[in-house]
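Trainee: Pasting a predicted model and its sequence here:
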Amino acid sequence: MNASSITEQSEHRVARWRFALVLVAFALLILAVVVQLVRLHTLDQPFLFEQGEKRTVRHEVQPGVRGLITDRHGRPLAVSTPVVNLWVNPRQVNVDELLPIAQDLSLNWSSLRSSVLRNQQQRRAFMYLQRQVEPSIAKQVLARGVTGVYGDEDFRRFYPAGEITAQTIGVVNIDGVGQEGVELAYNQHLTGQQGSRRVVKDLYGNVVRQLDVTQIAQAGGDLILTLDLRLQYLVYRELKAAVQQHKAKAGSAVLLDARNGDILALVSQPSYNPNNRAQLQPQAMRNRAIADLIEPGSTIKPFTVAAALDEGIVQVSSTVDTRPGHIRVRNKTIRDIGNYGVLDMTGVVQKSSNVGVIKLAHQLGADGMWAFLAKAGVGETNVLGFPGEAIGRLPYPAQMDDLRLATVSYGYGLSMTPLQLAQAYTSFSQKGCRMPVRLVLQDYPNARCTPVMSADTAQQLLAMLETVLSNQGTGRRARVEGYRAGGKTGTSHKVGAQGYDKSAYVAMFAGLAPIDDPELILVVIVDEPQGQEYYGGEVAAPIFSRIMQQALRMRQIMPEGNAHKSPFSVPAVDREAA
Amino acid sequence: MTRTVPWLALLLWLLVVVSALVQIIVVHQHRLVLQDWQQQDALRHSLLLERTQLTLEISTLTSQGRVDQLARSQRAMIDPNDIQVLY
């Protein structure tokens, strides 16, 4: 009995000891948990909170869509459409899972694999898979659910008119920043504002909570140009055909609304496709109508005659003796094509007599000539204020000796862009007042014109310019069937390494129609035409004729009854008989 | 004084409970609004995509070069000369 009670007591003692041990162990464990809890909630809290946010809170950027560029009738010229930038986090991705994605995107698998592995080794967390992917393809890629593959919204710029408006509209780079043309000049206006917000995302990338919005995405401003896409296409088609026919190096054309200076077409050749710039030649990006300086040659002669008329030095009926068809100024002999004899003012313009305008310029003097040409916009610093726009050159009176004055009078020794030349011709159409030109419809709504000559002089000059297209004039081939038009041919030698190049020419034509109340002004420039024909009257005048005829019809301008008749016209239909 | 303390405590406790419930409701509402906003944003995005693609399609189909070529080749149309314009 005693023995058994002793055994029970000893068993109890062992149990209590064990019990105490377990109790202490549990108490220590609970203490450890409490200590750890306190530590996590106090000492490590900022660090852990930050780490937690890093894993769930995302800073999202929403791109702002770039503004639309349209022509004056709302036809789109530059459109931004949503696309997706696909990227991978090399730290998260299993490279072998990318094989089907590479096939979806037609990527070279071996090069993709090696670049992902390289980025993995460098511990990078971002790498573009492909930028500007079509949304349907991107959706297919993301639907594969490969870990570490993400897609961000973006926009891609498309140019529906392609090469027809390429240089004028310009291009943007892959980041949507304007690089050329209107895209560069109006980049700030067109660029949308990026939106940004902080959100909490779940494991599957869904937004479950929006913390704050720092910026709301805003679309960029739209831009309406003065261009008329139908006319632009027409001018482009005719200029391209002529440049190819004459195997010319380049060409440009400017079509202006004679009444308000709106640029209806601005074309350069050669051109390029802005939607596919893989094989782009840099020279094709040049907007020759505003970036190339030309010596206007004979197209400036109407201004010399106008200056003489406006100053009252001569009357329309006054005559100039151009015999014997050449004139010696200092040590240089300047020739006409032939001996035109005694010419009145109309005859000087019609025959494009160098001798005639030189004599007029010498009567005017350097100051008079300079002042008139400066008013006409020759040597103007800029017309549109576009990047890359060339600055015209007009020598100051002090720089003009007799010979320089003589060359300036027939369009050498001064330079201007085709656009400046077209603008100068608005002074004939607008009763002697030169209109400011504009390419963007919203610009300068109340701009004033610059007086150049009297309205009478302008009217007289229009009549003279019409005679240039008569049988006796140099611009016969510029006639516009069904309409009365006027204009001036021009041919200038290009400047080479050794002065003027005897075999390189620029053929040009500047004209207006209809002559009674001009509505359109067109300047056509063909740079270095090859072959037998190289005069402005042979190369540029027919282009003027073709463009102007179709342009006037498109503008629904009624043909005139006593206009030049077409040699190809079909007999009039006898309505009564029909 | 000894009687007011439990009432104040009870009131505060009730306020805590009510504010907790209100917070739950507000968070729920926030989620609903956010969900709705996200759906609308996705719709806006898809409409923008559709609109720009249709704009591009229209401008491609109506491009001057294409219409010109089709008019000449399929409809045998020609440029009118002056007499045809007059009548």
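Mentor: Alright, I've got the coordinates.
Trainee: Roughly how far does A:Val349 sit from chain B?
Mentor: In this view, A:Val349 and chain B are 26 Å apart by Cβ to the nearest Cβ, to the nearest Å. Every residue, glycine included, has its C-beta placed from N, CA and C.
Trainee: Could you spell out the sheet neighbours of the helix or strand hosting A:Gly151, each with its direction?
Mentor: Secondary-structure assignment from DSSP states H and E places A:Gly151 in strand A:149-158. Counting by DSSP bridges, the strands paired with strand A:149-158 are strand A:76-88 (antiparallel).
Trainee: export the strand it pairs with as PDB, just CAs?
Mentor: Listed next in PDB are the C-alpha coordinates belonging to strand A:76-88 (Å, rounded to 0.1, in the frame of the first residue of the first chain):
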ATOM      1  CA  PRO A  76      -8.000  63.100 -92.200                       C
ATOM      2  CA  LEU A  77      -4.400  63.700 -92.900                       C
ATOM      3  CA  ALA A  78      -2.900  62.300 -89.700                       C
ATOM      4  CA  VAL A  79      -4.800  60.000 -87.300                       C
ATOM      5  CA  SER A  80      -3.600  58.400 -84.000                       C
ATOM      6  CA  THR A  81      -5.000  55.000 -83.300                       C
ATOM      7  CA  PRO A  82      -4.700  52.900 -80.100                       C
ATOM      8  CA  VAL A  83      -2.000  50.200 -80.100                       C
ATOM      9  CA  VAL A  84      -0.300  48.200 -77.400                       C
ATOM     10  CA  ASN A  85       3.300  48.200 -76.200                       C
ATOM     11  CA  LEU A  86       4.200  44.700 -75.100                       C
ATOM     12  CA  TRP A  87       6.900  44.300 -72.600                       C
ATOM     13  CA  VAL A  88       8.300  41.600 -70.300                       C
END
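Trainee: Tell me where the model's unsure across chain B.
Mentor: Scanning chain B for pLDDT under 70 picks out B:1-4, B:81-87.
Trainee: Helices along that one, start to end?
Mentor: B:4-61, B:64-73, B:82-86 (DSSP state H).
Trainee: Would you mind pulling up the elements that the longest one packs against?
Mentor: To tie it back to what came earlier, the one meant is helix B:4-61. Here helix B:4-61 touches strand A:76-88, strand A:149-158, strand A:207-215, going by 3 or more Cβ pairs under 8 Å, 6 or more residues apart in numbering or on different chains; DSSP states H and E.
Trainee: do the same with the second one
Mentor: With contacts defined as 3+ Cβ pairs under 8 Å, 6+ apart, helix B:64-73 has these neighbours: helix A:229-245.
Trainee: Give me the buried positions along the helix it packs on.
Mentor: A:229-240, A:242-243 (16 or more other Cβ atoms under 10 Å in any protein chain shown).
Trainee: Wait, A:Val440 touches A:Asp222, no?
Mentor: No. Counting by Cβ atoms under 8 Å, A:Asp222 is not a contact partner of A:Val440; they are 10.8 Å apart.
Trainee: more crowded one of those two?
Mentor: A:Val440 (19 against 14; other Cβ atoms under 10 Å in any protein chain shown).
Trainee: which residues does that one contact?
Mentor: Applying Cβ atoms under 8 Å, 6 or more residues apart in numbering or on different chains to A:Val440 gives the contacts A:Val182, A:Tyr186, A:Leu223, A:Ile224, A:Leu225, A:Thr226.
Trainee: Ok, A:Val35 next?
Mentor: No contacts exist for A:Val35 under Cβ under 8 Å, 6+ apart.
Trainee: Okay, it and A:Ala27: tell me how far apart.
Mentor: Note on A:Val35: its distance to A:Ala27, by Cβ to Cβ, to the nearest Å, is 12 Å.
Trainee: now A:Ala376
Mentor: Taken as Cβ to Cβ, the span from A:Ala376 to A:Ala27 is 103 Å.
Trainee: Between the two, tell me which one has more neighbours.
Mentor: Comparing A:Ala376 with A:Ala27 by other Cβ under 10 Å, the one with more neighbours is A:Ala376, at 28 against 10.
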